[in-house]
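Engineer: okay, predicted coordinates and the sequence, questions at the end:
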Amino acid sequence: MIIACPACSTRYAVPDSAIGVDGRTVRCAKCRHSWFQEGPEAVAREAAPDPAPEPAPIAPPPVADPVRSPEPVADPEPQSPTAPPPRERPIAATYDDTASNFAATRSSFEHEPPFRPRRNLLKLYTMAAVAFAMIALAAVGAVAWYGLPDWAPFSRQTFAEARPDLVLEFPPNRQDRRTLPNGTEYFGASGTVRNVGKERRTVPPILIVLRDGRDKIVYSWEVVAPKRQLAPGESVTINEAVTDVPRTATVAEIGWKPG
């Protein structure tokens with residue numbers, strides 16, 4: 001049923017069970033005015049138009065009884081005034097029932113089904129930043145430990161480009177890879193660098209790289225030629241050996257050091 005405050009005309013939609021058949025005292029949440037609200041049946045009766053009164057039948061005139069005298073009529077017993085209905089606790093505008101809610105107590109900003117509560121964007125951003133930092137640290141650690149993968153477009157090349165007029169010759173038959181009697185892993189290589197041009201050339205550092213069966217670099221070291229400059233047609237021999245190389249090393253590559 002719809003009830004309205006007599007003071008400020010604020011209207012509320014409440015279930016009939018909240019008012020009851022006999023009515024009860026309610027209070028307006030806006031102006032705090034209290035009044036007694038009739039039950040739904042009484043409100044319906046008041047709203048219905050009064051039926052037209054039927055004409056009363058014309059009663060015949062009374063005939064006096066010549067034998068019996070009229071009996072005295074006793075005074076009616078005084079009736080106690082109608083007791084007011086028991087005062088009940090006013091229904092505040094904060095009434096909440098599963099069937100209906102007061103419109104005045106609901107804020108337009110409250111979330112109700114099917115709406116969901118707002119998410120804390122700051123918390124989501126913080127969690128995303130922490131996750132990104134952890135992934136970045138893990139990636140840096142992996143690169144530092146295993147090196148850049150070969151498929152990475154920004155990985156550094158293993159060897160530098162060929163030098164003008166300088167020929168680097170380290171034939172495989174002059175490479176020695178074996179295990180010494182004391183269990184030490186040994187690798188030795190021998191080769192030459194020749195200047196085939198017509199100008200004097202500076203010999204850059206040489207890089208020897210050892211790879212395992214998966215083509216991964218497991219060991220490398222730099223070799224400096226005993227003669228740093230070569231005249232046209234001149235050559236220099238390089239003999240290099242190292243120990244304690246990884247046992248997984250299977251292939252040796254020799255080239256100019258990059259940079």
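Structural biologist: That came through, no problem. Numbers count the residues shown, from 1 in each chain.
Engineer: partner residues bridging the closest residue to residue 235 other than its chain neighbours?
Structural biologist: Computed as C-beta to C-beta, 6 or more residues apart in numbering, the closest residue to residue 235 that is not its neighbour in sequence is residue 194, at 4.0 Å. (C-beta placed from N, C-alpha, C; glycine too.) Taking DSSP bridges, one obtains residue 167, residue 235 as the residues bridged to residue 194.
Engineer: okay but residue 194 is in contact with residue 203, surely?
Structural biologist: No: the pair residue 194 / residue 203 is not scored as a contact, 10.2 Å apart, by C-beta atoms under 8 Å.
Engineer: on that earlier part again, OK, contacts around the residue nearest to residue 235?
Structural biologist: Shown in contact with residue 194 (C-beta atoms under 8 Å, 6 or more residues apart in numbering): 166, 167, 169, 230, 233, 234, 235.
Engineer: and the strands in the chain?
Structural biologist: 2-4, 11-13, 24-27, 34-37, 166-169, 175-179, 185-195, 201-202, 206-211, 217-223, 229-230, 235-243, 251-256 (DSSP state E).
Engineer: got these as CSV, with distance to residue 133 columns?
Structural biologist: Shown next, in CSV, are these (distance: least, C-beta to C-beta, whole Å):
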stretch, distance to residue 133
strand 2-4, 59
strand 11-13, 54
strand 24-27, 57
strand 34-37, 61
strand 166-169, 45
strand 175-179, 44
strand 185-195, 40
strand 201-202, 46
strand 206-211, 34
strand 217-223, 29
strand 229-230, 50
strand 235-243, 40
strand 251-256, 37
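Engineer: go through those strands and pick out the most buried.
Structural biologist: Sort those by mean neighbour count, taking mean count of other C-beta atoms under 10 Å, and strand 206-211 sits at the top with a mean of 20.
Engineer: strand partners (parallel or antiparallel) of that strand?
Structural biologist: strand 217-223 (antiparallel), strand 251-256 (antiparallel).
Engineer: can you list contacts of it?
Structural biologist: 158-159, 168, 187, 189, 193, 217-225, 238, 240, 245-246, 249-258.
Engineer: about what we covered before: in TSV: the strands of the chain, plus distance to residue 121 and mean pLDDT.
Structural biologist: Listed next are these as TSV, based on distance: least, C-beta to C-beta, whole Å; pLDDT from 0 to 100:
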stretch	distance to residue 121	mean pLDDT
strand 2-4	41	85
strand 11-13	36	87
strand 24-27	41	87
strand 34-37	45	86
strand 166-169	60	92
strand 175-179	61	89
strand 185-195	58	92
strand 201-202	61	93
strand 206-211	50	93
strand 217-223	46	92
strand 229-230	66	92
strand 235-243	58	92
strand 251-256	53	91
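Engineer: quick one: which of those is nearest residue 124?
Structural biologist: Nearest to residue 124 among the strands of the chain is strand 11-13; the distance by C-beta to C-beta comes to 38.8 Å.
Engineer: now for that closest one, which elements pack on it?
Structural biologist: strand 2-4 (3 or more C-beta pairs under 8 Å, 6 or more residues apart in numbering; DSSP states H and E).
Engineer: rewinding a little: shared neighbours of residue 194 and residue 203, which are they?
Structural biologist: 166, 230.
Engineer: residues touching residue 6, list them.
Structural biologist: 33, 35.
Engineer: my bad, residue 7
Structural biologist: Residue 7 makes contacts with 28, 31, 33, as judged by C-beta under 8 Å, 6+ apart.
Engineer: try 10 Å
Structural biologist: 28, 30, 31, 32, 33, 34, 35 (C-beta atoms under 10 Å, 6 or more residues apart in numbering).
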